[in-house]
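1. Here is my input, please return the structure:
(2 chains, ligands or ions: 2)
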Amino acid sequence: MSDKNYLTTDYTLRSWFLTTDHKRIAILYFASLIFFFFIGGAAATAIRIELATPQADLVSSDVYNRLFTMHGIIMVWFFLIPSIPNTLGNFVVPLMIGARDLAFPRLNLMSWYIFMLGGCITLFAILAGGVDTGWTFYTPFSTLYSNSYVIVAAAGIFIAGFSSILTGLNFIVTIHRLRAPGLTWYRLPLFLWSLYATSVILVLATPVLAITLLLMATERFFGVGIFDPRIGGDPLLFQHLFWFYSHPAVYIMILPGMGVINELVSCFSRKQVFGYKFVAWCSLAIAAVGFLVWGHHMFVSGQSLIASLVFSFMSFIVAVPSAIKVFNWTATLHKGSIHFDAPMLYALAFIGLFTIGGLTGLFLACLAYDVHATDTYFVVAHFHYIMVGGMVTAYFGGLHYWWPKITGRLYSEYWARTAAVLIFFGFNLTFFPQFILGAEGMPRRYHVYPPEFQVWNVLSSGGAAILAVAYLMPLFYLGYSAFFGRRAPANPWNAPGLEWQTSSPPPEFNFASQPVVTRAPYQYNEHFQAEPQNA
Amino acid sequence: MTEWRPPFALVGAWLGLLVLLALTVTLAYVPLGAANAVVALGIGTIKAGLVAAIFMELRHRSGLTLIFAGAGLFWLGILLWLGSMDFLTRT
Ligand code: HEM
Ligand SMILES: [Cu+2]
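-> Ligands and ions are numbered 1, 2, ... in the order given. Prediction:
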């Protein structure tokens, strides 16, 4: 066999932009997502600087509205939703099941182009003047009053939705059809169970969002009475449709993160994941029950009390499978031989932050408390704990874990650990004060506030500055390692997964010969006694 | 895709849909009270069935495809069920 790998087979631009190799497409996504993360992050920085003082001394209210909308839209649709599935997932799914590629390699490339088209259209809306509706596009504001670029932004999101659907489809078919001989469902790594559940949500929920945005455009353009009560519509219909997608979408954002954590916790405590089947089925349970709780975003919208009670009850149920996962990670750690390598630090941070985020979700699921907390910083803190503390942390953890496989290089363990600790610290300093602000009644989406809230806001903005630096650090040490790092062995963590049984970086078609699976996953104790060798 | 089907299945289904459409429009003008909605929904269901079975070729598919198609329908049902529960019980 030649020593060419997927990175060195060809160097032309054409070979990158017309590639059908899932590994190269993952890299394309990776680069695009860094770009979007920066744009979303820049908006966040501006927001936090503005909020450091009670007065409006940086931007006008109008600009502020556009800033938080841009932050929300970019982060949700152009970073969080595609992040783990499209980069790490794209890269490791075929490797983990012992396949040469995804089931539909060309569709995979097309998904990236569709995603970029949607992204560019949304960016155009932002450059042309921005959107001020909030990422939720609530009617009637978005259909009647807002004179910003609502339709253009919505068109971008609509198009990006197709990319989501196609990716979900590709993963589902791949996991069903292309598993290596012997790789039964219960031998599947848990990351793949979580991506499978995520894909089901992507395929079933995204069309509803697309239709909702289409209806919104129809009403805005033609004045057809869909949401506007004066012409026969119902304004709550929009919220029902929007949250029917968006609550499951929050699970699109967190389930892949949970999947990554399974791999990390197991690898760095050198133990099988405790309760494998429970964890696997909990992913599917979360995906399914997650479709039944959207009304908890509408407790104060004027929906019927009966509906609110049902949705409140359901919300408590959906918390159960998430909690089971946390218990199982903890049980996996118990008596494990724990190694505090950088990916493990991210995993531990994830478990703590996700637990706080999930528990405060239960507060919000209580009707009475939610009436007090709706549209305050308590909600902002809740979802940032899950989406940033959870998802982004898991993303970094997974990135470090598979980095040697992706690039064939080792990064500096010292800098990686420092960044992980700094992210944890900066994150908590940024978002914990927001729980207090929210409980005291500071509304979200305001850029002027009473002076007594300033202390907590200054802490939060200070934390955000630390967090910004901490998020930039990997760019440097990982970037450095990609070119100058030490060569990575095929299996630097001494892990049993199939993806570690091919060279780092893998050859173009992943495996020299078709692997055959004979054992359950995560067999660390029996066959893998050695220490991880990453220095 | 493997099996070739005479196009008259498609044409027939299309004509069927047109007839059903005409029926929907006509019946909408016949005062049946509450039954109007039931009739309209009934016809709608038949139309959707025709599209699924013939245009989407679901009648030739097995197993997994049917499960996913059914799941889509099931989840749409959830959206309509819980959503309309709000509309019907609003005070
Ligand atoms: C596990 C992943 C979760 C994620 C990613 C997540 C994310 C979010 C997001 C983004 C919002 C804010 C939406 C907005 O208004 O802009 C939110 C609000 C909310 N979440 Fe979660 N959440 C999660 C789990 C939970 C759980 C387990 C519960 C309940 C048991 C819950 C209950 C709520 C409630 C009730 C609200 C609405 C608060 C309000 O607007 O008054 N969440 N969540
Ligand atoms: Cu929700």
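2. So which residues of chain B form strands?
-> For chain B, strands defined by DSSP state E do not occur.
3. Would you mind naming what in it lies close to chain A?
-> Within chain B, the positions adjacent to chain A are B:64, B:68, B:71-72, B:75, B:78-79, B:82-83, B:85-91 by Cβ under 8 Å from any Cβ of the partner chain. Quick note: C-beta positions are derived from backbone N, CA and C, even for glycine.
4. buried subset of those?
-> Neighbour counting over the residues of chain B next to chain A (16 or more other Cβ atoms under 10 Å in any protein chain shown) leaves B:Phe68, B:Trp75, B:Leu79, B:Leu82, B:Gly83, B:Met85, B:Asp86 as the buried ones.
5. My read is that A:Met75 contacts A:Gly40, right?
-> Yes. Using Cβ atoms under 8 Å, A:Met75 is in contact with A:Gly40, at 4.2 Å.
6. Which one's more surrounded, these two?
-> Taking neighbours as other Cβ atoms under 10 Å in any protein chain shown, A:Met75 and A:Gly40 compare with A:Met75 leading, 24 against 20.
7. Need the residues that contact the helix or strand encompassing the more buried one.
-> A:Met75 is part of helix A:61-75 when elements are defined by DSSP states H and E. The contact list for helix A:61-75, computed with Cβ atoms under 8 Å, 6 or more residues apart in numbering or on different chains, reads A:36-37, A:39-40, A:43-44, A:46-47, A:50, A:56, A:59, A:122, A:126, A:129-136, A:148, A:153, A:157, A:387, A:445, A:447-448.
8. What residues sit buried inside that helix?
-> Going by neighbour count (16+ other Cβ under 10 Å), the buried part of helix A:61-75 is A:Tyr64, A:Asn65, A:Arg66, A:Leu67, A:Phe68, A:Thr69, A:Met70, A:His71, A:Gly72, A:Ile73, A:Ile74, A:Met75.
9. next structured bit after it?
-> For helix A:61-75, the following helix or strand on the C-terminal side (DSSP H and E) is helix A:90-97.
10. How many residues are close by the residue lying closest to A:Phe191 once chain neighbours are set aside?
-> The shortest distance from A:Phe191 to any residue other than its chain neighbours is 3.9 Å, reached at A:Gly259 (Cβ to Cβ, 6 or more residues apart in numbering or on different chains). Neighbourhood size, A:Gly259 [other Cβ under 10 Å]: 28.
11. Verify the stated contact: A:Gly259 with A:Ser199.
-> No. Taking contacts as Cβ under 8 Å, A:Gly259 lies outside contact range of A:Ser199: 11.5 Å.
12. What residues does the stretch 351-500 of chain A have near ligand 1?
-> Residues of the stretch 351-500 of chain A lying near ligand 1 by Cβ under 6 Å from any ligand atom: A:358, A:361-362, A:364-365, A:370, A:373-374, A:379, A:382-383, A:386-387.
13. before we move on, the earlier item: pull out the buried residues from the contacts of helix A:61-75.
-> The buried subset of these - by 16+ other Cβ under 10 Å - is A:36-37, A:39-40, A:43-44, A:46-47, A:50, A:59, A:122, A:126, A:130-136, A:148, A:153, A:157, A:387, A:447.
14. Quick one: residues contacting the residue of chain B found nearest ligand 1.
-> Ranked by Cβ to the nearest ligand atom, the top residue of chain B for proximity to ligand 1 is B:Leu82, at 15.3 Å. By Cβ under 8 Å, 6+ apart, the contact set of B:Leu82 is A:Leu292, A:Trp294, A:Gly295, A:Ala307, A:Val310, A:Phe311.
15. With distance to chain B added, can I get the residues you listed in a markdown table?
-> Shown next, in a markdown table, are these (distance: Cβ to the nearest Cβ, whole Å):
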| residue | distance to chain B |
| --- | --- |
| A:Leu292 | 7 |
| A:Trp294 | 8 |
| A:Gly295 | 7 |
| A:Ala307 | 4 |
| A:Val310 | 7 |
| A:Phe311 | 8 |
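16. could those be laid out in a markdown table, adding neighbour count and pLDDT?
-> Formatted as a markdown table, these follow (neighbours: other Cβ atoms under 10 Å in any protein chain shown; pLDDT from 0 to 100):
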| residue | neighbour count | pLDDT |
| --- | --- | --- |
| A:Leu292 | 21 | 93 |
| A:Trp294 | 26 | 94 |
| A:Gly295 | 27 | 94 |
| A:Ala307 | 24 | 93 |
| A:Val310 | 18 | 94 |
| A:Phe311 | 25 | 95 |
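17. ok, these vs A:Tyr245, which is closest?
-> Distance to A:Tyr245 across these (Cβ to Cβ) is lowest for A:Trp294, with 8.2 Å.
18. Not counting sequence-adjacent ones, nearest residue to that closest one?
-> Counting by Cβ to Cβ, 6+ apart, the residue nearest A:Trp294 is A:Trp243, at 3.7 Å.
19. quick one: the one you found from A:Val379, how far?
-> Separation of A:Trp243 from A:Val379 (Cβ to Cβ, to the nearest Å): 14 Å.
20. ok, for B:Leu23, nearest residue in space, not its chain neighbours?
-> Per Cβ to Cβ, 6+ apart, closest to B:Leu23 is B:Ile43, 6.0 Å.
21. Where is the longest helix in chain B?
-> For chain B, the longest helix by residue count, based on DSSP state H, is helix B:64-89.
22. tell me how far it is from the chain's mean position?
-> Relative to the centre of its chain, helix B:64-89 is centred 13 Å away, using Cα atoms, centre = their mean, to the nearest Å.
23. what does stretch A:360-378 give?
-> Counting by Cα atoms, centre = their mean, stretch A:360-378 is centred 23 Å from the centre of its parent chain.
24. Quick check: end-to-end length of that stretch?
-> The straight-line separation of the ends of stretch A:360-378 (Cα to Cα, to the nearest Å) is 9 Å.
25. and that stretch with chain B, contact?
-> No. Shown here: stretch A:360-378 not in contact with chain B (Cβ under 8 Å from any Cβ), separated by at least 14.4 Å.
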